[in-house]
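Asks: Need a 3D model of the following:
(2 chains)
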Amino acid sequence: MDTFLQDARFALRLLRKSPAFTLAAVVTLALGIGANTAIFSVVNGVLLRPLPYQDPEKLVFIWEGTPTFPEMSVSVPDFVDWRERQRSFTDLAAFRTGAFDLSGVETPERVGARFVSDSMLPVLGVQPAMGRHFSREEDTLGGPPVVMLSHGFWMRRFAQDRSILGKSLTLDGVPHTVVGILPADFQFYTPQDIYVPLVRSGKRHYEQRGNHPGLYVLGRLKSGVSVEQARADLEGIGQALQEAYPDSNTQVLPKLELLHEQLVSDLRPSLLALMAAVAFVLLIAAINVVNLLLARGTARQRELVIRASLGAGRGRLMRQMLVESALLALVGGGLGLMLALWGVDLLAASRPDGIPASATFSVDGKVLGFTLVLSLGVGVLLGVLPALRASQVSLVETLKDTGAGAARFRGRARDALVVAEVALALTLLVGAGLLTRTFVQIRGLDLGFRPEGMLTLRMSAPETRFAGGETLRNFIERSRERMQGLPGVSAATYSVGMPMLGFSDTSFRIVGEPPPEKGSGPQAAYFVTATNYFEAMGIPLVEGRGFQPGDRVGSTPVTVVDEVLAKRFFPGRSAVGQKIASGNLELEIIGVAKHVLAYGPGEAEPAPFQFYRSFAQLTDEQVTRAGRSLTLAVRGQGDADALVPLVRQEFKTFDPDQALAGFASMDSVVERALGDRRFVLGLVGLFAALALVLSSIGIYSVMSYTVALRTREMGIRMALGARELDVMRLVVGHGVRLAAIGVGVGALASGVLTRLLSSLLHGVEATDPLTFGATALLLAGVAVLASWMPARRAVRVDPVQSLRAD
Amino acid sequence: MTAMTAMTAQETNQMETPAQAPQKALLQLEGVTKVFETEEVETHALSDVHFTVRPGEWVSIVGPSGSGKTTLLAVLGLLDTASKGTYLLDGRSVLDLSPAERALVRNQHIGFIFQSFNLIGDLSVYENVELPLTYRGMPADERRQRVERALERVGMGHRARHMPGQLSGGQQQRVAVARAVAGDPLILLADEPTGNLDSKNGEQVMQLLSELHKGGATLIMVTHDPNQARLGTRTVSLFDGRVVQDERIR
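Replies: Residues are numbered from 1 along each chain as shown, chains lettered A, B, ... in the order given. Coordinates of the predicted model:
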């Protein structure tokens, strides 16, 4: 221990003695370790930290699926049956998202709501901050209407008034008693203002087994029950339901996975790519510091010889070097941690929507431990080469001052480090290049509609205000006309379902063709729209016509399908005049519209086809079901956000009780849809730039150091007749040769590693030759530049001076 | 430059003895001065040096430390430029050449032998000897023949694949001599060639230089050792940058 402390004291003294070296090494390491710590805090928050619920490892997420549509929401009657028959869970809970008009207050508001079964909070193991959770009776048809408030909503609307418990809120015109306040730190998927019993989402959901209304289920595994056992249990029930309800449940089976897995599985590739990118940055940073240490080691050769001649063994010398590098890494790690604290705040401020609300970015014990282990690991990594070099100190050679063997070892080691650095930088740059090309491709995709100048907002029409279909239809149409008449507005339309803002999907079949097996019909995104929808949204019709005023209740039910559906099911012939059927309703195709990127640019499309119905053709009964919540779209001449006050004022004038919510320009909706990609690309791009700068510095410093070491050699060469060009060629050639080997190694490594990025790429192959070629050229250019500067110094070598320097 | 190259080949082929050497000057310095200027001081390393060397001569340059021996050798070898004066090498003025032209002259007409051998540690014996020929742009076959001949001449043919670090000092200096003569230069410049060697190895190197001289080589050697100086045909003594004595020995 004594000798260890002695080593540490000596190391500290050395670091103080060479402030420039210490500063360069510490800052380089701090950048690498800091970036790793910051990204690890995200990985920790999202992938590693347990969900903020009781025994989260026992929580599973359950949905339904068929072979052709493997990810469907759950039908309410199926959920009720599962809950009754299952044996693997302490209980099941279901939830779906909705909205209510809050009225009877000074400012009516459309509030976000989560419909949850009475079992929801018990399954999560969450206790209300105040009051209680829902009773079974309250979640039964005919039960008393009750509501729980989120902590944020309680603060915002009621200033944390504790007396709100027991009071009544009017939601969609119905008084609801406030029975509880959720905890401040409660997070569950997207935050909602209020929680209401599942039964409040409507009786019809309990009656239609074939309807999958965006409901998902959570289960808490009983002790000793595995996920596989629970899956078998639920599948058994699912098979029984298939037999009992062949019309609705053929091929439908429950599917489940751990809740944590469901929340993070989509993010895992991005986060692991980020972690890999930042690890590469650290490796490059470490290589630069190893180079500094090797260069410094040359100057310390004599000190090591003296130590050895005084009896220090190889192990002792190696330990001395390792203690020094570990100390350096720990100081770098400490500074890196400070950088990371700042970086974590930045990351939290720019977190994309795709990261679950339950995930928090912070520096906790695990992150601190990671930083400590990382720093020590880097310390050992840094020390290995200098320690090996120290262990090879030859007393005779050094005292004779030839040191040819050690010089060759150092030269080869430095060359190998440059090669590694270039290879790492290339891999990272290729990754960033592929993601950039993906982003550019996605940005350039034709959305299928024009988002410019378009403002969207959610509008609701509760039964208490518009009881019948006719009044509801009139209100919606009047709203559209009022918006259309606003100054600066070129078009206004509405739709049940809107690209990137949510829509239903449904199965369909082609009339006149053999019906597909139950549960295996093709799935389409389904929109019910105003007559002027296609013109107002800027969706081109590639064939036939859009909806017209003549398409009304009583006329032939018609539909407009997208070009993907038309090409797939009516290849080589016109789709217009053909019929598709959804449920029992047959629809005649009157037009073919351009395909719209409804899930967002570059996103997978679980329902690959699209069809539209005219809102005007819905029966009164259908209008009261479908038309209670829809999206209004208003297109202005310029900035869409400038329309918000106009729209609000207009509604205030003609219907002051109308609650409006979700104002968003379509441009911002598109940008938000790109948020996850931008987040990953921004960080990978940043790390790639850092890698490029660090590796340029690395090549430059190695070439500079090599030139300094080879001054005498340059003198000899010049004495023997080498011209400036020969010397330049020698130095630059050396740098370029190393870079070329690095590029080759990096290209091979990238060829393998970038395949891991495949799930993040769109419209570009993981082996895209353009990206590889451009990156290789860039690095070659950097290598030439980084070698050219030292080469210029080399040609200024005075042969007389260098040959005299014995 | 072509004329010089032709003459070199001719001289080598004729293998003339010093007695038969033509009287035309191979190297001629007239009033050469070399001044080193620092911010405050001007140091005259060479002052008005007049100096002629004829083909086949072996000139030993002697003098105390700081007398300007090494500076004179650097000027003669075009490693450094004179501040004033004229320098004719094989009849051609070489003081005003560009760096690239000087490099060419060094490469084609001058062979260097340094006190500390100055072999490149990362190149093999063969590659060290080959290096000046490579700069000359000589075809590989010819290079190979010349390198092999030069190494055989100094008795180091069997060590061609070795690295300098694997050789003794005497062997390294033999390789340096081979490198100097491989290109058949007009003149060999040796800066205390035995300074880093023990007496036995030193004697062997001097023996080698004598053999080269007998074979027709023109040598200019800086030395501190009067015994070695006497091996040459002429001794030039420097003091404070001036030639104070120019003595023909035989």
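Asks: Quick check: mean pLDDT of stretch A:297-304?
Replies: Mean pLDDT, computed over stretch A:297-304, is 70.
Asks: meant to ask about stretch A:206-216
Replies: Here the average pLDDT along stretch A:206-216 is 87.
Asks: any idea how far that stretch is from the chain center?
Replies: 29 Å (CA atoms, centre = their mean, to the nearest Å).
Asks: Spell out which residues of chain B are next to chain A.
Replies: Residues of chain B lying close to chain A by CB under 8 Å from any CB of the partner chain are B:70, B:74, B:77, B:79-80, B:99-100, B:103-104, B:106-108, B:112, B:114-116, B:118-122, B:131-132, B:135-136, B:163-165, B:179. All C-beta spots, glycine's among them, are computed from the backbone N, C-alpha and C.
Asks: Break down the stretch 251-400 of chain A into its strands, ranges please.
Replies: Taking DSSP state E, counting those that start in this stretch as the test, the strands found in the stretch 251-400 of chain A are A:253-258.
Asks: Then chain B?
Replies: For chain B, the strands defined by DSSP state E cover B:27-37, B:42-53, B:58-62, B:84-89, B:92-93, B:110-113, B:187-191, B:219-222, B:234-239, B:242-248.
Asks: most packed of these?
Replies: Comparing the strands of chain B by mean neighbour count (mean count of other CB atoms under 10 Å in any protein chain shown), strand B:110-113 ranks first with a mean of 26.
Asks: CA atoms only for that one, dumped as CSV, please.
Replies: What follows is strand B:110-113 as a C-alpha-only set of coordinates in CSV (Å, rounded to 0.1, in the frame of the first residue of the first chain):
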residue,chain,number,x,y,z
ILE,B,110,29.2,14.0,-53.2
GLY,B,111,29.5,11.1,-50.8
PHE,B,112,29.3,11.7,-47.1
ILE,B,113,30.8,9.7,-44.2
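Asks: hmm, back to that, buried among the residues of chain B next to chain A? Need that as a selection in ChimeraX.
Replies: The buried residues among these can be selected in ChimeraX (16 or more other CB atoms under 10 Å in any protein chain shown) with this line:
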select /B:70,74,77,79,80,103,104,106,107,108,112,114,115,116,118,119,120,121,122,131,132,135,136,163,164,165,179
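Asks: among the residues of chain B next to chain A, which are in helices?
Replies: Members of the residues of chain B next to chain A lying in helices (criterion: DSSP state H): B:70, B:74, B:99-100, B:103-104, B:106-108, B:131-132, B:135, B:179.
Asks: Was I right to think residue A:104 contacts residue A:170?
Replies: Yes - using CB atoms under 8 Å, residue A:104 is in contact with residue A:170, at 3.8 Å.
Asks: more crowded one of the two?
Replies: Between residue A:104 and residue A:170, counting by other CB atoms under 10 Å in any protein chain shown, residue A:170 is the more crowded of the two (17 against 13).
Asks: Assign a three-state SS to the closest residue to chain B within chain A, would you?
Replies: Taking CB to the nearest CB, chain B has its nearest neighbour within chain A at residue A:721, 2.2 Å off. What DSSP: H, G, I helix; E, B strand; the rest coil gives for residue A:721 is coil.
Asks: quick one: contacts for it?
Replies: The contact partners of residue A:721, taken as CB atoms under 8 Å, 6 or more residues apart in numbering or on different chains, are B:103, B:104, B:106, B:107, B:108, B:132, B:135, B:136.
Asks: Closest to residue A:779 out of those?
Replies: Nearest to residue A:779 among the contacts of residue A:721 is residue B:135, at 30.1 Å by CB to CB.
Asks: quick one: the residue nearest to that closest one when sequence neighbours are not counted from residue B:192, how far?
Replies: Among residues not flanking residue B:135 along the chain, residue A:721 sits closest, at 4.6 Å (CB to CB, 6 or more residues apart in numbering or on different chains). Counting by CB to CB, to the nearest Å, the gap from residue A:721 to residue B:192 is 22 Å.
Asks: Generate a markdown table for the strands of chain B, with mean pLDDT as supplementary columns.
Replies: Below are the strands of chain B laid out as a markdown table (pLDDT from 0 to 100):
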| stretch | mean pLDDT |
| --- | --- |
| strand B:27-37 | 91 |
| strand B:42-53 | 90 |
| strand B:58-62 | 95 |
| strand B:84-89 | 93 |
| strand B:92-93 | 92 |
| strand B:110-113 | 91 |
| strand B:187-191 | 93 |
| strand B:219-222 | 95 |
| strand B:234-239 | 94 |
| strand B:242-248 | 92 |
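Asks: May I see these organised as TSV, with distance to residue A:574 added?
Replies: Below are the strands of chain B laid out as TSV (distance: least, CB to CB, whole Å):
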stretch	distance to residue A:574
strand B:27-37	94
strand B:42-53	99
strand B:58-62	104
strand B:84-89	94
strand B:92-93	92
strand B:110-113	90
strand B:187-191	95
strand B:219-222	100
strand B:234-239	106
strand B:242-248	108
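Asks: Just the element for the nearest residue to residue A:592 once chain neighbours are set aside, please.
Replies: The spatially closest residue to residue A:592, leaving aside those adjacent along the chain, is residue A:543, at 4.0 Å (CB to CB, 6+ apart). Element membership for residue A:543, per DSSP states H and E: strand A:541-544.
Asks: Name the residues of that strand that come out as buried.
Replies: A:541, A:543, A:544.
Asks: counting contacts, what elements does that strand pack onto?
Replies: Judged by 3 or more CB pairs under 8 Å, 6 or more residues apart in numbering or on different chains; DSSP states H and E, strand A:541-544 is in contact with strand A:585-593.
Asks: Quick one: mean pLDDT for the strand it packs on?
Replies: Strand A:585-593 shows a mean pLDDT of 95.
Asks: Mind checking what helix or strand follows it in sequence?
Replies: Downstream of strand A:585-593, the first helix or strand assigned by DSSP H and E is strand A:609-614.
Asks: Just give me the closest of the ones in helices among the residues of chain B next to chain A to chain A.
Replies: Within those, the smallest distance to chain A is 2.2 Å, found for residue B:107 (CB to the nearest CB).
Asks: My guess is that closest one contacts residue B:134. True?
Replies: No - using CB under 8 Å, residue B:107 is not in contact with residue B:134, being 9.8 Å away.
Asks: My read is that residue B:241 contacts residue B:35, right?
Replies: No - judged on CB under 8 Å, residue B:241 makes no contact with residue B:35 at a distance of 9.4 Å.
Asks: Point out where chain B drops to low pLDDT.
Replies: Scanning chain B for pLDDT under 70 picks out B:1-23, B:39.
Asks: top helix in it by residue count?
Replies: Ranked by residue count and defined by DSSP H, the top helix of chain B is helix B:199-214.
Asks: got the angle for it vs strand B:58-62?
Replies: Inter-element angle recorded for helix B:199-214 and strand B:58-62: 140 degrees (by axes from the mean of the first three to the mean of the last three CA atoms, to 10 degrees).
Asks: Please point out which parts of helix B:199-214 sit buried.
Replies: Residues of helix B:199-214 classed as buried: B:201, B:202, B:204, B:205, B:206, B:208, B:209, B:212, B:213 (neighbour count, 16+ other CB under 10 Å).
Asks: Need the pLDDT of the residue nearest to residue A:61 when sequence neighbours are not counted.
Replies: Among residues not flanking residue A:61 along the chain, residue A:262 sits closest, at 3.9 Å (CB to CB, 6+ apart). Predicted confidence (pLDDT) at residue A:262: the value is 89.
Asks: now swap in the one 3 residues further on and tell me
Replies: The pLDDT attached to residue A:265 in the predicted structure is 84.
Asks: how near is it to residue A:237?
Replies: Separation of residue A:265 from residue A:237 (CB to CB): 25 Å.
Asks: wait, residue A:71 sits on residue A:63?
Replies: Yes - with contacts counted by CB under 8 Å, residue A:71 reaches residue A:63, the gap being 6.2 Å.
Asks: related to what we said a few turns ago, hmm, who's touching the longest helix of chain B?
Replies: For helix B:199-214, the surrounding residues in contact (CB under 8 Å, 6+ apart) are B:17-18, B:56, B:58, B:154, B:168-170, B:173-174, B:177, B:181, B:188, B:190, B:193-194, B:197, B:219, B:221, B:228, B:231-232.
Asks: Inside helices: which ones of those residues?
Replies: Filtering the contacts of helix B:199-214 for helices - DSSP H - leaves B:169, B:170, B:173, B:174, B:177, B:181, B:228.
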